[in-house]
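**Student:** No letters, just coordinates:
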DNA sequence: CAGGGTTCCCAACAAACGTTAAGGACGCGA
DNA sequence: TCGCGTCCTTAACGTTTGTTGGGAACCCTG
């Protein structure tokens, strides 16, 4: 894995979050990043742990989730290359949820020590990273709305469109057909429904020729109907730093 | 309203978030805060706006919420004195949700300009404020779990216990009887259910003598059963900065 | 204290979603 | 290629939640 490619992915993401000066980019470039490979379905950090690093997703998909006492799991977010899903652990020392790979992944670990040193030295970088965690927060807000207010079909449509929108910005082609490597059980955990009902909803959207979700891929069949179902408005993603 | 009291409330909250040095406290003390009174049920900032200040809740209750195209509203969080509900607008310039008073409130407005100057000068304060927004994020995660995984009775129980736990830390007595000034319609909007169903659930918990919620107040009747219903674990609130 | 608005309360019925159970498709390794 | 495990699929039935519509209690103001 070429270190420059890793750096480019990080930079593209952070530049999406906000503008950076040359000196800041140079400083980011000096960050030590330990690259490691992870199998699918393995915990990167678990609830209750005190991680010493935050991790950049270089390749693959990850999710964050919480398990409640009764054993049920809620998926909180889906993460794609270029994102730093557990940046929050820099200042929230004990994990309150799990971070897990969905597919085999390449991860870049950045120590909290080096991140802290960098943010102490470079206020611009602090603001960019802070802003990144605030966007994370905005996505959680929308996820609450999704689970709380939309019917199951709308929830699924919304998650599909959010993922596509975010994939687009990373420079990956995400047209009518793209990767969403969740099993139906995991889709249920993301939407707050049972796997049986997830299957019903997927089946319905397939039969109505709105969207086809199978074998970890999404095929959009009817853009207009999908948009209507999802009521998707990407403002909450704050993808344009200048506004 | 005594300026020192306002400052004390802010400090208690931030000290709960993390430790501060004397120089930092002195710098915070210099922050200009414009105190204003707000009626109940009025927007402080609305979705789409670009606020120039963040606001400290001094007295009263506020909520954050989002309205979707179909007109339904989802309440995202409840805020109590000492908190800064829209700190995120410091770096997320356009609001993606509403901030509204629940009761008549006293608010302290702090300009983004002065906050930015302060965070540029004092890395400790930056970290404390950043951490505050990260706790906000952690609470959203738990809210997702609440709405996504728990049955309606459990959701209500959880919100009640969360609010009580947070009130306790502000130094307010919040024993078996405390204020929760939400109408049943608003409780429904917080839990992702209809007002009719909210009424059913409240009635059920009252009849089972677990908790009585009426006229904006909560009376805990059976601590043990309430705790079992809510499965409340306050770790996600990150109330102890040292861990 | 009269009136009007808001909030609360409830019943009957409809729709969405959960539970249980079971069979089939698919992919992977022996 | 067979066997095994995971994932998908479906049906029947039960429970939770939504909808509609209405009436009672409460509160504020005139």
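**Tutor:** Received the coordinates, thanks. In this text, all values refer to a predicted model and were calculated from it rather than measured experimentally.
**Student:** In chain A, where's the longest helix?
**Tutor:** Among the elements of type helix in chain A, defined by DSSP state H, the one spanning the most residues is helix A:123-149.
**Student:** Direction-wise, compare it with helix B:123-149 and give the angle.
**Tutor:** When axes from the mean of the first three to the mean of the last three Cα atoms, to 10 degrees is applied, the directions of helix A:123-149 and helix B:123-149 differ by 20 degrees.
**Student:** Would the lowest-mean-pLDDT helix or strand in chain A count as contacting chain B?
**Tutor:** Averaged element by element with mean pLDDT, DSSP states H and E, chain A has its least confident helix or strand at helix A:3-17 (a mean of 79). No: for a cut-off given as Cβ under 8 Å from any Cβ of the partner chain, helix A:3-17 has no contacts with chain B; the smallest distance is 9.3 Å. C-beta: built from backbone N, CA, C; applies to glycine.
**Student:** Following the chain past that helix, name the next helix or strand.
**Tutor:** If you walk from helix A:3-17 toward the C-terminus, the next helix or strand you reach (DSSP states H and E) is helix A:22-29.
**Student:** Run the chain-centre distance for the longest helix of chain A.
**Tutor:** In this view, helix A:123-149 has its centroid 11 Å away from the chain centroid, taken as Cα atoms, centre = their mean, to the nearest Å.
**Student:** quick one: low-confidence parts of chain A?
**Tutor:** For chain A, the stretches flagged by pLDDT under 70 are A:1, A:16-19, A:242-243.
**Student:** show me the contacts for the residue nearest to the spatial centre of chain A.
**Tutor:** Within chain A, the residue whose C-alpha comes closest to the C-alpha centroid is residue A:79; the distance, by Cα atoms, centre = their mean, is 2.2 Å. Shown in contact with residue A:79 (Cβ atoms under 8 Å, 6 or more residues apart in numbering or on different chains): A:57, A:61-64, A:85.
**Student:** change it to 6 Å
**Tutor:** The contact partners of residue A:79, taken as Cβ atoms under 6 Å, 6 or more residues apart in numbering or on different chains, are A:57, A:62, A:85.
**Student:** Over to residue A:217?
**Tutor:** If you count contacts by Cβ under 6 Å, 6+ apart, residue A:217 has them with residue A:179.
**Student:** Can you check the distance spanned by stretch A:73-87, start to finish?
**Tutor:** Its start and end residues considered, stretch A:73-87 measures 22 Å (Cα to Cα, to the nearest Å).
**Student:** do it and DNA strand C meet?
**Tutor:** No: interface with DNA strand C: stretch A:73-87 contributes nothing (Cβ under 7 Å from any atom of the strand), its closest point being 11.4 Å away.
**Student:** Flag every buried residue along that stretch.
**Tutor:** Of all the residues in stretch A:73-87, those buried under the rule 16 or more other Cβ atoms under 10 Å in any protein chain shown are A:73-87.
**Student:** Tell me which of the residues you listed fall in helices.
**Tutor:** With DSSP H as the criterion, helices contain none of the buried residues of stretch A:73-87.
**Student:** which two in the residues you listed are spaced the farthest apart?
**Tutor:** Distances among these were taken as Cβ to Cβ; the most separated pair is A:73 and A:82, at 25.4 Å.
**Student:** Spell out the secondary structure type for the closest residue to residue A:78 other than its chain neighbours.
**Tutor:** With Cβ to Cβ, 6 or more residues apart in numbering or on different chains as the criterion, residue A:78 has its nearest non-adjacent residue at 5.5 Å, and that residue is residue A:63. Secondary structure of residue A:63, reduced to three states by DSSP: H, G, I helix; E, B strand; the rest coil: strand.
**Student:** how many neighbours does residue A:63 have?
**Tutor:** Residue A:63 is surrounded by 22 other residues when neighbours are defined as other Cβ atoms under 10 Å in any protein chain shown.
**Student:** can you list the residues of chain A near chain B?
**Tutor:** Contact residues, chain A versus chain B (Cβ under 6 Å from any Cβ of the partner chain): A:66, A:68-69, A:72, A:74, A:76, A:88, A:91-94, A:96-97, A:120, A:123, A:130-131, A:134, A:137-138, A:140-141, A:143-145, A:147-149, A:192, A:231, A:235-236, A:238, A:243.
**Student:** can you redo the contacts of residue A:79 as JSON lines with distance to residue B:52?
**Tutor:** Written out in JSON lines, the entries for the contacts of residue A:79 read as follows (distance: Cβ to Cβ, whole Å):
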{"residue": "A:57", "distance to residue B:52": "35"}
{"residue": "A:62", "distance to residue B:52": "37"}
{"residue": "A:85", "distance to residue B:52": "32"}
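**Student:** Name the member of those residues with the shortest distance to chain B.
**Tutor:** When the contacts of residue A:79 are compared for distance to chain B, the smallest value, 12.0 Å, is given by residue A:85; criterion: Cβ to the nearest Cβ.
**Student:** So which bits of stretch A:95-112 are buried?
**Tutor:** With burial defined by 16+ other Cβ under 10 Å, the residues of stretch A:95-112 counted as buried are A:95-102, A:105-112.
**Student:** Kindly report the domain assignment for chain A.
**Tutor:** Under the assignment named as automatic domain parsing, the residue ranges that make up the domains of chain A are A:3-143, A:150-237.
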